[in-house]
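Student: build me a structure from this.
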Amino acid sequence: MNDRDVGQGVGVGVGGGPGGVDAALVVLEQRGADQARVGAGEAKGRLRGKQPKLKPAQEAHLVTLWREGTHTGEELAGLFSVSRSTVYRAVERAEPPPEIPPAPPTPPAAPRVVRAKAEASA
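Tutor: Sure thing, here's the model as predicted:
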């Protein structure tokens, strides 16, 4: 590298590449800013990721129609412009999980009978 390269914007960093330490610091600063924005969004009650297809009122109406039994999952999917799996997930979220009755107690094990081997006669 010579004096002419410095004036041409050739990056000099640890590691010998244009990426060097300066680029790493810039990346870390950007990540910190991203995390700060995410934290601010969470504080305001915003969701991360994909937004729900149905508003809570729509989902409640969908579940009501499902429970009445007047529409199939496919019909509800068409009415609300969602997939059938979205309909079934909404119903699953709305219905409490079925109660599983406790298992009956197991009876005590029968005592083991140990029999002595007969002596071999010679």
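Student: low-confidence ranges in this structure?
Tutor: Scanning the chain for pLDDT under 70 picks out 1-19, 25, 28, 38, 41, 46-47, 97, 119-122.
Student: helices of that one, start to end?
Tutor: 3-7, 20-43, 56-68, 73-80, 84-94 (DSSP state H).
Student: how far out from the middle of the chain is the fourth one?
Tutor: Relative to the chain's own centre, helix 73-80 is displaced by 25 Å; criterion: CA atoms, centre = their mean, to the nearest Å.
Student: what is that helix packed up against?
Tutor: Secondary-structure packing of helix 73-80 (3 or more CB pairs under 8 Å, 6 or more residues apart in numbering; DSSP states H and E): helix 56-68, helix 84-94. Backbone N, C-alpha and C define where each C-beta goes, glycine included.
Student: residue 22: which of the ones you listed is closest?
Tutor: In terms of CB to CB, the element of the helices and strands packed on helix 73-80 nearest to residue 22 is helix 84-94, at 47.2 Å.
Student: can you list the neighbours in contact with that closest one?
Tutor: Contacts to helix 84-94, defined as CB atoms under 8 Å, 6 or more residues apart in numbering, come from residues 53-54, 59-60, 62-63, 66, 73-74, 76-77, 80.
Student: re the thing from before, just put the helices and strands packed on helix 73-80 in JSON lines and tack on distance to residue 24.
Tutor: Shown next, in JSON lines, are the helices and strands packed on helix 73-80 (distance: least, CB to CB, whole Å):
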{"stretch": "helix 56-68", "distance to residue 24": "44"}
{"stretch": "helix 84-94", "distance to residue 24": "42"}
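Student: JSON lines for the ones you listed, including distance to residue 107 and mean neighbour count?
Tutor: JSON lines is the format used below for the helices and strands packed on helix 73-80 (distance: least, CB to CB, whole Å; neighbours: other CB atoms under 10 Å):
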{"stretch": "helix 56-68", "distance to residue 107": "41", "mean neighbour count": "14"}
{"stretch": "helix 84-94", "distance to residue 107": "37", "mean neighbour count": "15"}
